[in-house]
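[1] Got a predicted model here, sequence first, then my questions.
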Amino acid sequence: MAADDLHVFRTPELLARGLADAFVTSAREAIAARGRFTVALAGGTTPRGAYALLARDPRRSQVAWSAVQVYFGDERCVPPDDLASNYRTAKQTLLDAVAIPAAQVHRMRGEIEPQQAAREYARDLSDSLGEAPQLDLCMLGLGADAHTASLFPGSNPFADDAALVRAVYADAVRMWRLTFTPKVINNSREVLFAVSGTEKAAALQAVRQEPYDPQRYPAQAVVPHGGRVLWYVDAEAAGAAC
(Lines give C-alpha, C1' and ligand atoms only; values in the text may rest on other atoms or scores of the structure.)
Protein backbone atom coordinates (compact mmCIF):
# COMPACT_ATOMS: atom_id res chain seq x y z
CA MET A 1 0.00 0.00 0.00
CA ALA A 2 1.16 3.51 -0.71
CA ALA A 3 2.37 5.54 2.23
CA ASP A 4 0.05 8.43 1.51
CA ASP A 5 -3.13 6.37 2.09
CA LEU A 6 -2.48 6.41 5.84
CA HIS A 7 -3.73 9.45 7.77
CA VAL A 8 -2.76 9.54 11.42
CA PHE A 9 -4.62 11.71 13.94
CA ARG A 10 -3.16 12.50 17.35
CA THR A 11 -6.32 11.72 19.34
CA PRO A 12 -9.60 9.84 18.90
CA GLU A 13 -11.38 13.20 18.88
CA LEU A 14 -9.32 14.43 15.94
CA LEU A 15 -9.89 11.10 14.21
CA ALA A 16 -13.65 11.59 14.57
CA ARG A 17 -13.37 15.04 13.01
CA GLY A 18 -11.33 13.66 10.15
CA LEU A 19 -13.85 10.91 9.47
CA ALA A 20 -16.76 13.34 9.58
CA ASP A 21 -15.03 15.74 7.21
CA ALA A 22 -14.18 12.90 4.81
CA PHE A 23 -17.85 11.87 4.81
CA VAL A 24 -18.94 15.43 4.02
CA THR A 25 -16.41 15.78 1.21
CA SER A 26 -17.38 12.46 -0.35
CA ALA A 27 -21.09 13.29 -0.10
CA ARG A 28 -20.74 16.71 -1.68
CA GLU A 29 -18.58 15.40 -4.54
CA ALA A 30 -20.93 12.48 -5.28
CA ILE A 31 -24.07 14.61 -5.22
CA ALA A 32 -22.47 17.21 -7.47
CA ALA A 33 -21.34 14.53 -9.93
CA ARG A 34 -24.23 12.04 -9.89
CA GLY A 35 -27.10 13.59 -7.96
CA ARG A 36 -26.91 11.23 -5.00
CA PHE A 37 -24.51 9.84 -2.40
CA THR A 38 -24.48 6.13 -1.60
CA VAL A 39 -22.66 5.19 1.59
CA ALA A 40 -22.27 2.08 3.73
CA LEU A 41 -21.89 2.88 7.40
CA ALA A 42 -19.55 0.93 9.64
CA GLY A 43 -20.43 -0.54 13.00
CA GLY A 44 -18.22 -0.67 16.06
CA THR A 45 -17.23 2.08 18.44
CA THR A 46 -14.71 4.05 16.36
CA PRO A 47 -17.16 5.75 13.93
CA ARG A 48 -19.62 6.85 16.63
CA GLY A 49 -17.84 10.12 17.31
CA ALA A 50 -17.90 10.94 13.61
CA TYR A 51 -21.60 10.17 13.36
CA ALA A 52 -22.30 12.47 16.30
CA LEU A 53 -20.41 15.29 14.57
CA LEU A 54 -22.33 14.73 11.34
CA ALA A 55 -25.58 14.94 13.30
CA ARG A 56 -25.04 18.57 14.26
CA ASP A 57 -24.02 21.80 12.60
CA PRO A 58 -21.92 22.88 10.90
CA ARG A 59 -21.47 19.47 9.20
CA ARG A 60 -25.14 18.54 9.22
CA SER A 61 -25.94 21.57 7.06
CA GLN A 62 -23.14 20.73 4.64
CA VAL A 63 -24.80 17.55 3.36
CA ALA A 64 -27.96 17.37 1.21
CA TRP A 65 -29.40 14.49 3.22
CA SER A 66 -32.39 14.09 0.91
CA ALA A 67 -29.92 12.84 -1.72
CA VAL A 68 -28.21 10.31 0.57
CA GLN A 69 -28.78 6.54 0.40
CA VAL A 70 -27.53 4.74 3.52
CA TYR A 71 -26.49 1.07 3.61
CA PHE A 72 -24.73 -1.10 6.19
CA GLY A 73 -21.62 -3.17 5.50
CA ASP A 74 -22.50 -5.68 8.19
CA GLU A 75 -24.93 -6.32 11.00
CA ARG A 76 -25.39 -8.58 13.97
CA CYS A 77 -28.38 -10.90 13.77
CA VAL A 78 -30.38 -9.11 16.46
CA PRO A 79 -33.53 -6.96 16.41
CA PRO A 80 -33.06 -3.31 15.35
CA ASP A 81 -33.58 -2.04 18.90
CA ASP A 82 -30.96 -4.37 20.40
CA LEU A 83 -27.95 -2.68 22.00
CA ALA A 84 -25.67 -4.69 19.70
CA SER A 85 -27.36 -3.51 16.50
CA ASN A 86 -25.24 -1.41 14.14
CA TYR A 87 -28.44 0.10 12.78
CA ARG A 88 -29.52 1.16 16.27
CA THR A 89 -26.19 2.89 16.86
CA ALA A 90 -26.34 4.75 13.56
CA LYS A 91 -29.99 5.68 14.09
CA GLN A 92 -29.41 7.12 17.55
CA THR A 93 -26.16 8.92 16.78
CA LEU A 94 -26.88 10.19 13.27
CA LEU A 95 -29.95 9.16 11.30
CA ASP A 96 -32.57 10.50 13.73
CA ALA A 97 -30.92 13.93 13.60
CA VAL A 98 -30.80 14.45 9.83
CA ALA A 99 -33.48 14.92 7.19
CA ILE A 100 -33.01 11.66 5.35
CA PRO A 101 -36.16 9.91 4.06
CA ALA A 102 -36.79 6.60 5.83
CA ALA A 103 -37.00 4.76 2.50
CA GLN A 104 -33.39 5.76 1.82
CA VAL A 105 -32.05 3.96 4.89
CA HIS A 106 -31.44 0.37 3.84
CA ARG A 107 -31.38 -1.71 7.01
CA MET A 108 -30.16 -5.28 7.24
CA ARG A 109 -32.95 -7.24 8.92
CA GLY A 110 -30.97 -8.96 11.61
CA GLU A 111 -34.11 -10.18 13.36
CA ILE A 112 -35.08 -12.70 10.67
CA GLU A 113 -33.45 -16.00 9.65
CA PRO A 114 -29.83 -15.15 8.70
CA GLN A 115 -29.71 -16.77 5.26
CA GLN A 116 -33.01 -15.18 4.31
CA ALA A 117 -31.81 -11.80 5.57
CA ALA A 118 -28.64 -12.08 3.46
CA ARG A 119 -30.61 -12.91 0.31
CA GLU A 120 -33.06 -10.09 1.00
CA TYR A 121 -30.30 -7.52 1.43
CA ALA A 122 -28.53 -8.69 -1.71
CA ARG A 123 -31.78 -8.10 -3.61
CA ASP A 124 -32.07 -4.65 -2.06
CA LEU A 125 -28.54 -3.80 -3.22
CA SER A 126 -29.25 -5.02 -6.75
CA ASP A 127 -32.64 -3.31 -6.94
CA SER A 128 -31.34 0.05 -5.73
CA LEU A 129 -27.79 0.07 -7.11
CA GLY A 130 -27.87 -2.33 -10.05
CA GLU A 131 -26.53 -5.82 -10.68
CA ALA A 132 -22.99 -4.64 -9.90
CA PRO A 133 -23.69 -2.39 -6.88
CA GLN A 134 -21.29 0.52 -6.58
CA LEU A 135 -21.12 2.62 -3.44
CA ASP A 136 -19.59 6.06 -3.39
CA LEU A 137 -18.16 5.41 0.07
CA CYS A 138 -17.81 2.20 2.05
CA MET A 139 -16.84 2.82 5.67
CA LEU A 140 -15.15 -0.05 7.48
CA GLY A 141 -13.58 -0.83 10.81
CA LEU A 142 -10.75 -3.18 11.70
CA GLY A 143 -10.84 -5.77 14.46
CA ALA A 144 -7.90 -6.72 16.64
CA ASP A 145 -7.90 -10.03 14.74
CA ALA A 146 -7.73 -8.15 11.38
CA HIS A 147 -11.37 -8.83 10.51
CA THR A 148 -13.38 -6.20 8.72
CA ALA A 149 -17.15 -5.97 8.27
CA SER A 150 -18.02 -9.53 9.36
CA LEU A 151 -15.27 -11.23 7.37
CA PHE A 152 -13.37 -13.19 10.01
CA PRO A 153 -10.01 -15.00 10.02
CA GLY A 154 -9.98 -18.73 9.37
CA SER A 155 -12.33 -18.78 6.41
CA ASN A 156 -12.06 -17.65 2.82
CA PRO A 157 -13.42 -14.07 2.67
CA PHE A 158 -14.18 -14.59 -1.02
CA ALA A 159 -16.51 -17.55 -0.42
CA ASP A 160 -19.87 -16.90 -2.11
CA ASP A 161 -18.48 -13.58 -3.29
CA ALA A 162 -21.05 -13.29 -6.07
CA ALA A 163 -23.85 -13.49 -3.49
CA LEU A 164 -23.03 -9.88 -2.47
CA VAL A 165 -24.20 -10.47 1.11
CA ARG A 166 -23.41 -13.49 3.27
CA ALA A 167 -24.63 -14.83 6.61
CA VAL A 168 -21.69 -15.95 8.76
CA TYR A 169 -21.48 -17.51 12.20
CA ALA A 170 -18.90 -15.80 14.39
CA ASP A 171 -17.56 -18.51 16.69
CA ALA A 172 -15.77 -16.02 18.94
CA VAL A 173 -19.03 -14.37 19.99
CA ARG A 174 -21.39 -17.26 19.18
CA MET A 175 -23.54 -15.10 16.98
CA TRP A 176 -24.81 -15.01 13.41
CA ARG A 177 -23.90 -11.92 11.45
CA LEU A 178 -24.58 -10.49 8.00
CA THR A 179 -21.84 -9.01 5.86
CA PHE A 180 -21.02 -7.56 2.48
CA THR A 181 -18.77 -9.84 0.48
CA PRO A 182 -15.57 -8.36 -0.95
CA LYS A 183 -17.31 -8.03 -4.32
CA VAL A 184 -19.45 -5.20 -2.97
CA ILE A 185 -16.68 -3.57 -0.96
CA ASN A 186 -14.18 -3.69 -3.81
CA ASN A 187 -16.59 -2.13 -6.28
CA SER A 188 -16.81 1.00 -4.14
CA ARG A 189 -15.43 4.27 -5.43
CA GLU A 190 -13.77 4.83 -2.07
CA VAL A 191 -13.17 2.68 1.01
CA LEU A 192 -12.46 4.38 4.32
CA PHE A 193 -11.10 2.38 7.24
CA ALA A 194 -11.47 3.89 10.72
CA VAL A 195 -9.11 2.42 13.31
CA SER A 196 -8.39 3.50 16.88
CA GLY A 197 -6.76 2.15 20.03
CA THR A 198 -3.58 0.27 20.90
CA GLU A 199 -5.41 -3.06 20.67
CA LYS A 200 -5.70 -2.54 16.89
CA ALA A 201 -2.04 -1.62 16.29
CA ALA A 202 -0.77 -5.14 15.58
CA ALA A 203 -3.65 -5.88 13.21
CA LEU A 204 -3.16 -2.62 11.33
CA GLN A 205 0.55 -3.31 10.90
CA ALA A 206 -0.12 -6.88 9.73
CA VAL A 207 -2.77 -5.90 7.20
CA ARG A 208 -0.60 -3.20 5.69
CA GLN A 209 2.81 -4.88 5.85
CA GLU A 210 2.51 -8.67 5.98
CA PRO A 211 2.41 -10.81 2.80
CA TYR A 212 -1.04 -11.14 1.26
CA ASP A 213 -3.02 -13.76 3.19
CA PRO A 214 -6.67 -12.67 3.39
CA GLN A 215 -7.73 -15.86 5.11
CA ARG A 216 -5.48 -14.87 8.01
CA TYR A 217 -5.94 -11.10 7.61
CA PRO A 218 -9.39 -10.61 6.03
CA ALA A 219 -8.97 -6.84 5.68
CA GLN A 220 -6.33 -7.57 3.03
CA ALA A 221 -9.20 -8.70 0.79
CA VAL A 222 -10.15 -5.04 0.43
CA VAL A 223 -8.58 -3.99 -2.88
CA PRO A 224 -11.05 -1.78 -4.75
CA HIS A 225 -11.24 -2.04 -8.53
CA GLY A 226 -10.33 1.45 -9.69
CA GLY A 227 -11.22 2.99 -6.34
CA ARG A 228 -9.00 3.87 -3.43
CA VAL A 229 -8.51 2.85 0.19
CA LEU A 230 -7.94 5.42 2.90
CA TRP A 231 -6.83 4.53 6.41
CA TYR A 232 -7.85 7.04 9.08
CA VAL A 233 -6.23 5.99 12.36
CA ASP A 234 -5.38 7.51 15.70
CA ALA A 235 -1.84 7.64 17.01
CA GLU A 236 -2.32 4.67 19.34
CA ALA A 237 -3.48 2.42 16.52
CA ALA A 238 -0.82 3.68 14.10
CA GLY A 239 2.10 2.30 16.10
CA ALA A 240 4.61 0.65 13.78
CA ALA A 241 2.22 0.98 10.82
CA CYS A 242 3.52 4.51 10.30
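    Yes, it's here. Everything numeric here is computed off the predicted structure, so don't read it as measured data.
[2] mind showing which ranges of the chain have poor pLDDT?
    Applying pLDDT under 70 to the chain picks out residues 1-4, 240-242.
[3] can you give me the strands in the protein?
    6-9, 37-41, 68-72, 74-76, 137-141, 165-170, 175-180, 190-195, 228-234 (DSSP state E).
[4] can you put these in JSON lines and add mean neighbour count?
    Every residue, glycine included, has its C-beta placed from N, CA and C. Output for the strands of the chain, formatted as JSON lines (neighbours: other CB atoms under 10 Å):
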{"stretch": "strand 6-9", "mean neighbour count": "18"}
{"stretch": "strand 37-41", "mean neighbour count": "25"}
{"stretch": "strand 68-72", "mean neighbour count": "22"}
{"stretch": "strand 74-76", "mean neighbour count": "25"}
{"stretch": "strand 137-141", "mean neighbour count": "26"}
{"stretch": "strand 165-170", "mean neighbour count": "20"}
{"stretch": "strand 175-180", "mean neighbour count": "24"}
{"stretch": "strand 190-195", "mean neighbour count": "24"}
{"stretch": "strand 228-234", "mean neighbour count": "21"}
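[5] Residue 99: which of those is closest?
    Between residue 99 and the strands of the chain, the shortest gap by CB to CB is with strand 68-72, which sits at 9.5 Å.
[6] hang on, the earlier thing: quick check: which of the strands of the chain is nearest to residue 84?
    Among the strands of the chain, strand 74-76 comes nearest to residue 84, with 4.8 Å by CB to CB.
[7] who does that closest one pair up with?
    When sheet partners are counted by DSSP bridges, strand 74-76 sits next to strand 175-180 (antiparallel).
[8] among the strands of the chain, which is nearest residue 156?
    Between these, strand 165-170 lies closest to residue 156; by CB to CB that is 10.9 Å.
[9] helices or strands next to that closest one in the packing?
    helix 114-129, strand 175-180 (3 or more CB pairs under 8 Å, 6 or more residues apart in numbering; DSSP states H and E).
[10] The longest helix along the chain: which residues count as buried?
    Scanning the chain for the helix with the most residues, using DSSP state H, yields helix 12-34. Taking 16 or more other CB atoms under 10 Å as the basis for neighbour counts, the residues of helix 12-34 that come out buried are 12, 15-24, 26-27, 30-31.
[11] Could you single out the nearest of those to residue 129?
    Within the buried residues of helix 12-34, distances to residue 129 taken as CB to CB reach their minimum at residue 30, with 12.8 Å.
[12] Am I right that the closest one is in contact with residue 38?
    Yes. With contacts counted by CB atoms under 8 Å, residue 30 reaches residue 38, the gap being 7.3 Å.
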